[in-house]
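1. I would like to see how this sequence folds:
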Amino acid sequence: MEHEFLLRFLEVGIIDLKGDDAKLDKLRAATKELSAALRKSPSKAISFTMVAADPNIPATEPVLDEAMTALRNQWQTVANAFAGRPVAVLRAILLDATVQAARADDGIAVAFVNTARNALAHSEASDEGEIWREAVSEIEIKVDARAEAEWATPETITVDPMKYTPPDPLPVDYAVPTVGRDDLKAKMHSAAGPWGPADPNPYSPQNNASAWSQEFASRMSVAISEVLDEMAEELAPAPIDFSGPLSTLAQAVSTHVDRALASFSGATAGLQRRTNLLWWKEALYSPSTHASYLDVPPFEASAMMAFDLHEQVPTYSPASVSAFLREAIRCLPAATSDECRGEREILRLVHEARATKLMEPFRALAAQYAPAPAGRGPLLSMIGHPQDSGTADPTAFRALSGVDASFKMTPSEWGTYLFRELQSARATCGGASKRPKKK
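-> A predicted model of the protein is given here:
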């Protein structure tokens, strides 16, 4: 049975409606309205999730304005029901609305899971921990089920039989040849002796048997040969054009082979993808920068590894892919040194990502995925739009990202965080199957 997370907030006492079911119905209606709006604009899933996950979200957050508008549409006197803006109520509505939308839209589900994994690591929502675990677990199971279907390699590959319908037999206008008996009879009669009706044999068998027999044989062979030749001409088959049927057969065979190869390719895509990832991990080579990760500072390398992995895997990928990236970053020899085991403040990491030349491909993709920062949103907004100088202030950074500017990350944590943001953004950027063009 699907959970109604709005009720879960009531059950643990985070919001209190004084037992008024009429008020609960209004919250449910607002949740439904927000969920429908989210399905129309999936890109909002990231900010909805980030705001819902932060108990300390400022009351002036634009996403809360949108949630408040939806609530006011259903409850016109809501302003009189609470002393101030009901942030906890709005966060509960946002979470429930996002989960409802994620149940119906796989792209939103991907964005919700990846964004929640990042946001909850920096949230102080201890009272809501179980609620969020249930929500993330439910949607993550849904995403993994689809991902496993796309990544799986079947034990056997089944190809449908070739579809070919032979053409109908061609109609043949055939008449059985007949012998002109009267004409043959006249010629045989003439060959028999001088009494024939037309050009008779001048010899009689009684008077000159030897000459008669030779003349008779000559005339009879000609008469019979002419009859047989005429019948052979009438029995000769008319020419048949096989180009049409053979062309149809060739097309059917070609289509069948194409389908068989497509079935094989689709069935082995998951295996090929895993093989390519293992090769990538062992080679430690960046296909986007054409350089070894070993020659790059560890935090830049981890960010580019997140970018390169994102380019190699589809939107619907198992949760284990993030763990794979984390372990791949840890495999960097530099990442095991004393210098790189240290952590770096996230605000500094963002500033470096906005300025480092190596990160140009990352910034270009981030700019396509996320708009300039305006309210709570992903780090991609700040990285992809470096001309916005407002994020340099720690207070502004906290308000925009939901992460304390002094929070420190290891290279593997940094890369994993960015990878989840990339996956979330692509899942809701104009449809999960659409990939932005590389610059």
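
2. For this structure, which segments count as strands?
-> 285-286, 291-292, 344-345, 408-409 (DSSP state E).

3. on contacts alone, who are the packing partners of the lengthiest helix in the chain?
-> Determined from DSSP state H, the single longest helix within the chain is helix 243-283. Packing contacts for helix 243-283, counted by 3 or more C-beta pairs under 8 Å, 6 or more residues apart in numbering; DSSP states H and E, involve helix 129-151, helix 298-312, helix 320-330. Every C-beta, even on glycine, is put in place using the N, C-alpha and C of the backbone.

4. Which positions within the shortest one qualify as buried?
-> Which is helix 320-330. By 16 or more other C-beta atoms under 10 Å, the buried positions in helix 320-330 come out as 321, 322, 324, 325, 326, 328, 329.

5. just to revisit the earlier point, closest to residue 146 out of the strands of the chain?
-> Within the strands of the chain, the stretch nearest residue 146 is strand 285-286; the backing value is 28.7 Å (C-beta to C-beta).

6. Next one, pLDDT for residue 126 please.
-> In this model, residue 126 is scored at 69, pLDDT.

7. ok, the closest residue to residue 386 other than its chain neighbours - how many residues close by?
-> For residue 386, ignoring the flanking residues on the chain, the nearest one in space by C-beta to C-beta, 6 or more residues apart in numbering is residue 354 at 3.8 Å. Residues near residue 354, counting by other C-beta atoms under 10 Å, number 20.

8. right, and residue 354 touches residue 388 too?
-> No - with contact defined as C-beta atoms under 8 Å, residue 354 and residue 388 do not form a contacting pair (9.2 Å).

9. Can you pull the residues that touch both of the two?
-> residue 382 (C-beta atoms under 8 Å, 6 or more residues apart in numbering).

10. ends of stretch 117-133, how far apart?
-> 10 Å (C-alpha to C-alpha, to the nearest Å).

11. Figure out how far it is from the centre of its chain.
-> With C-alpha atoms, centre = their mean, to the nearest Å as the basis, stretch 117-133 stands 31 Å off its chain's centre.

12. if we can go back for a sec, quick one, the longest helix of the chain and helix 298-312 angle?
-> Orientation check (axes from the mean of the first three to the mean of the last three C-alpha atoms, to 10 degrees): helix 243-283 against helix 298-312 gives 160 degrees.

13. between helix 243-283 and helix 129-151, how many degrees?
-> Using the same axes, to 10 degrees: helix 243-283 against helix 129-151 is 130 degrees.

14. Report the mean per-residue pLDDT for helix 243-283.
-> Across helix 243-283, the average pLDDT comes to 78.

15. what's the answer for stretch 84-98, then?
-> For stretch 84-98, mean pLDDT rounds to 93.

16. Give me the buried positions along it.
-> Buried-residue list, stretch 84-98, by 16+ other C-beta under 10 Å: 85-98.

17. Mark which of those residues are part of helices, please.
-> Those of the buried residues of stretch 84-98 lying in helices (DSSP H): 87, 88, 89, 90, 91, 92, 93, 94, 95, 96, 97, 98.

18. any chance of those residues in CSV, plus distance to residue 346?
-> Formatted as CSV, these follow (distance: C-beta to C-beta, whole Å):
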residue, distance to residue 346
87, 24
88, 27
89, 30
90, 26
91, 23
92, 28
93, 29
94, 24
95, 24
96, 30
97, 29
98, 24
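
19. Name the nearest of the residues you listed relative to residue 75.
-> Distances from residue 75 to those, taken by C-beta to C-beta, are shortest for residue 89, at 10.1 Å.

20. who are the neighbours in contact with that closest one?
-> 15, 27, 71, 82.

21. Flag the helix or strand of this structure with the lowest per-element mean pLDDT.
-> Across the helices and strands of the chain, mean confidence by mean pLDDT, DSSP states H and E is lowest for helix 338-341: a mean of 48.

22. of all the helices and strands packed on helix 243-283, which lies closest to residue 372?
-> Closest approach to residue 372 among the helices and strands packed on helix 243-283 is made by helix 298-312 (20.0 Å; C-beta to C-beta).

23. so where is the stretch 1-150 of the chain shaky, pLDDT-wise?
-> Applying pLDDT under 70 to the stretch 1-150 of the chain picks out residues 1-2, 125-126.

24. Using CSV, please lay out the strands of the chain together with mean neighbour count and distance to residue 250.
-> Listed next are these as CSV, based on neighbours: other C-beta atoms under 10 Å; distance: least, C-beta to C-beta, whole Å:
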stretch, mean neighbour count, distance to residue 250
strand 285-286, 18, 44
strand 291-292, 13, 49
strand 344-345, 16, 63
strand 408-409, 17, 60
